[in-house]
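Engineer: Output the structure for:
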Amino acid sequence: MGLKKIPLRMCLGCNEMKPKNELIRVVKDPEGNISLDFTGKKNGRGAYICRSKACLEKAIKSKRIERSFSVAIPNEIYNSLEKEMDLLGSK
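Structural biologist: Residues are numbered from 1 along each chain as shown. Predicted structure coming up:
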């Protein structure tokens, strides 16, 4: 049997290609809400980011999340993304 192909995705923070299962999906659902998707199965448009706060901060500073979803993102959403990332780090 052949080896199973591992899907790669690019991190919005560091721009490195990494296996999809090592990254966290940032998702914009059909209603326009933006959140972190730890399961990778939420409905909506997705972008990927490393499991580090530094990559999230880089993506926020360079507005890469806004560009990938073609929408302006308020600071409250960035704050909630940072809180979710903090919770992930404490597990």
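
Engineer: Now do the contacts for Met10.
Structural biologist: Applying C-beta atoms under 8 Å, 6 or more residues apart in numbering, we find Met10 in contact with Glu16, Met17, Lys18, Tyr48. In short, each C-beta sits where N, CA and C put it, glycine included.

Engineer: can you do 10 Å?
Structural biologist: Going by C-beta atoms under 10 Å, 6 or more residues apart in numbering, Met10 touches Glu16, Met17, Lys18, Leu23, Ala47, Tyr48, Ile49, Arg64, Ser68.

Engineer: okay, now the fifth one: neighbour count?
Structural biologist: Using other C-beta atoms under 10 Å, Ala47 has 21 neighbouring residues.

Engineer: which of the residues in the helix or strand it falls within are buried?
Structural biologist: Taking DSSP states H and E as the definition, Ala47 sits inside strand 45-49. By 16 or more other C-beta atoms under 10 Å, the buried positions in strand 45-49 come out as Ala47, Tyr48, Ile49.

Engineer: Please compare these by their distance to Ala59 and name the closest.
Structural biologist: Closest to Ala59 out of the buried residues of strand 45-49 is Ile49 (5.9 Å), distances taken as C-beta to C-beta.

Engineer: Tell me the buried residues in the helix or strand harbouring Glu82?
Structural biologist: Applying DSSP H and E as the criterion places Glu82 in helix 75-90. Residues of helix 75-90 classed as buried: Tyr78, Leu81, Glu84, Met85 (neighbour count, 16+ other C-beta under 10 Å).

Engineer: ok so, going back, so which of the contacts of Met10 would you say is closest to Ile6?
Structural biologist: Lys18 (9.8 Å).

Engineer: What distance do you get for the closest one to Glu31?
Structural biologist: Per C-beta to C-beta, to the nearest Å, Lys18 is found 29 Å from Glu31.

Engineer: higher neighbour count, the two?
Structural biologist: Neighbours were counted for Lys18 and for Glu31 using other C-beta under 10 Å; Lys18 has more, 16 against 6.
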